[in-house]
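[1] when you get a sec, could you give me coordinates for this:
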Amino acid sequence: DGNDLNATANGSFYLLYSRLGIDVAGPSVGKAKTTAKLEVDFRGSGSNFAMIRVRHAYVNLDWGKSAVLIGQTWHPLFGDIFPQMLNLSTGAPFQPFSRNPMLRYRYTRQGWSLTGAAIWQLQYLSTGPNGKSEEYIKNSCVPEFYVGADYTSGNGWLAGAGIHLISLKPRTTSEINDKVYKVNERMTTYSYEAHLKYTGRNYTFAAKSLMASCLDQTALIGGYGISSVDPKTGEQEYTPFRHSTTWANFTYGTKWKTGLFLGYTKNLGTDDELTASKTVYGMGLDIDQLLTVNMNFSYNLPHWQIGLEYSPATAWYGTIDQKNGKVGNTHAITNHRILGLVMYYF
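    Purely as a prediction, here's the structure:
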């Protein structure tokens, strides 16, 4: 009858913020100071959300100017600059959100910080022919790589930029004409990001912008499609979708604190023409653009936070153009989210 089947209000009471962790300062290894961190929450898989899940688990060796981290922590694209809000999403799908096993090296000197990391997937996964799976990066034998630089001034400014590489093997075999062929397929692409933050006496301003490519494993909109098919073996070549993603966040106050978050994502299409507009892998690829505003207000005491947040978001859904991967014939859908939060820190 022309009624929107998804236009149904829903509400719930979640305990997903609950977490427990331990930070350890260990003995020195040679000239390196050692620390370790283990933190869990109750956001495990399933509808119950009562299963313990590892958030952070790593050791860190610090020589002063140089440091090596081994284990799971925030993805480098999440970085040291992220929005301050009440929602557990922390700005996703505009801000990369992912924790990964990694080997990370960081060099710091005179305000400069250089970071290089080799990153694997475990809890946050890329999408492919078999849905979300670890197999695409596992079969690739090439981890994600990130290289970035940050500069911190003495008057509250922090700025930086980084480059990210991902190389996946969507398939290792192909079936065509009742025959199974071994194929050597690979989808490799780069993403770029820049970030900025200023911290004042009782206010902060932060912003981040990405030219994102196949970062759906970090909770961003993105993915890839098929650009060509070998008629004999069925071996495929792939082309990534490009998305421009930008957010800005302003907060003011300490005891009584208010915050404003703005996020915008635009689908810029693919590098090459798609063989089929419906055979694509990723998240939100039928969205042309996405816009959100997040307004929050909280009362903060030592160990306590009580807050309220309102976040409307509008997505322009449409159909994917096979020639360039862009989305046309769009219509806008708006969602409203109201969140209340009570949190105790210890």
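[2] quick one: contacts for residue 215?
    By Cβ atoms under 8 Å, 6 or more residues apart in numbering, residue 215 lies in contact with 77, 96, 164, 166, 191, 222, 243. Every residue, glycine included, has its C-beta placed from N, CA and C.
[3] what do you get for residue 281?
    127, 128, 129, 170, 223, 224, 225.
[4] run through the bridge partners of the fifth one.
    Okay, so that is residue 223. Under DSSP bridges, the beta-bridge partners of residue 223 are residue 282.
[5] how about the nearest residue to residue 290 once chain neighbours are set aside, what does it touch?
    Spatial nearest neighbour of residue 290, excluding adjacent residues (Cβ to Cβ, 6 or more residues apart in numbering): residue 265 at 4.4 Å. Contacts for residue 265 (Cβ under 8 Å, 6+ apart) come out as 93, 94, 220, 221, 243, 244, 245, 246, 287, 289, 290.
[6] how far off centre is the strand or helix carrying residue 265?
    Assessed by DSSP states H and E, residue 265 sits inside strand 256-270. Here strand 256-270 shows a centroid-to-chain-centroid distance of 13 Å under the convention Cα atoms, centre = their mean, to the nearest Å.
[7] each with direction, which strands does that strand pair with?
    Applying DSSP bridges to the sheet, strand 256-270 is found paired with strand 236-252 (antiparallel), strand 287-301 (antiparallel).
[8] buried ones in it?
    Across strand 256-270, burial judged by 16 or more other Cβ atoms under 10 Å covers 257, 259, 261, 262, 263, 265, 266, 267, 269, 270.
[9] in the stretch 1-150 of the chain, which spans are strands?
    Under the criterion DSSP state E, counting those that start in this stretch, the stretch 1-150 of the chain carries strands at the ranges 19-25, 33-41, 53-62, 66-74, 99-109, 112-119, 127-128, 131-132, 144-152.
[10] quick one, the fourth one and strand 53-62 angle?
    Going back to what we said before, that points to strand 66-74. Orientation check (axes from the mean of the first three to the mean of the last three Cα atoms, to 10 degrees): strand 66-74 against strand 53-62 gives 180 degrees.
[11] my guess is residue 96 contacts residue 81, does it?
    No: between residue 96 and residue 81 there is no contact, the gap being 10.9 Å when judged by Cβ atoms under 8 Å.
[12] between the two, which one's more packed in?
    Using other Cβ atoms under 10 Å as the criterion, residue 96 and residue 81 rank with residue 96 on top: 28 against 18.
[13] which pLDDT does the model give that one?
    Residue 96 is assigned a predicted lDDT (pLDDT) of 98.
[14] what of residue 47?
    pLDDT, residue 47: 59.
[15] check contacts around residue 172.
    Residue 172 sits next to 139, 182, 183, 185 when contact means Cβ under 8 Å, 6+ apart.
[16] in CSV, list those residues along with distance to residue 123, neighbour count and secondary structure.
    Converted to CSV, the contacts of residue 172 look like this (distance: Cβ to Cβ, whole Å; neighbours: other Cβ atoms under 10 Å; DSSP: H, G, I helix; E, B strand; the rest coil):
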residue, distance to residue 123, neighbour count, secondary structure
139, 19, 17, helix
182, 30, 10, strand
183, 28, 16, coil
185, 25, 21, coil
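[17] export those residues as JSON lines, with columns for pLDDT.
    Formatted as JSON lines, these follow (pLDDT from 0 to 100):
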{"residue": "139", "pLDDT": "97"}
{"residue": "182", "pLDDT": "96"}
{"residue": "183", "pLDDT": "96"}
{"residue": "185", "pLDDT": "97"}
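[18] any idea which of the residues you listed is closest to residue 154?
    residue 139 (47.3 Å; Cβ to Cβ).
[19] name the nearest residue to the closest one, ignoring sequence neighbours.
    residue 169 is the one closest to residue 139 (Cβ to Cβ, 6+ apart), at 4.2 Å.
[20] which residues are in contact with the one you found?
    For residue 169, the contacting residues are 136, 139, 140, 185, 186, 187, by Cβ under 8 Å, 6+ apart.
[21] the fourth one and residue 170 touch, don't they?
    Read it as residue 185. Yes: between residue 185 and residue 170 there is a contact under Cβ under 8 Å: 5.6 Å.
[22] okay, and the common contacts of those two?
    236, 238.
[23] one step back: just say which of the strands paired with strand 256-270 is most tucked in.
    Highest mean neighbour count of the strands paired with strand 256-270: strand 236-252, a mean of 21 (counted as mean count of other Cβ atoms under 10 Å).
[24] for it, the distance to its chain's centre please.
    Distance of strand 236-252 from the chain centroid (Cα atoms, centre = their mean) equals 10 Å.
[25] could you report the pLDDT at residue 41?
    Model confidence at residue 41 (pLDDT) stands at 90.
[26] that one pairs with what?
    Going by DSSP bridges, residue 41 forms beta bridges with residue 19, residue 53.
[27] distance of it relative to residue 292?
    Computed as Cβ to Cβ, to the nearest Å, the residue 41 to residue 292 distance reads 24 Å.
[28] how about residue 162?
    Distance, residue 162 to residue 292, using Cβ to Cβ: 24 Å.
[29] what's the span of stretch 169-187, first residue to last?
    Taking Cα to Cα, to the nearest Å, stretch 169-187 runs 6 Å from one end to the other.
[30] my read: residue 82 touches residue 89, true?
    No: using Cβ under 8 Å, residue 82 is not in contact with residue 89, being 10.6 Å away.
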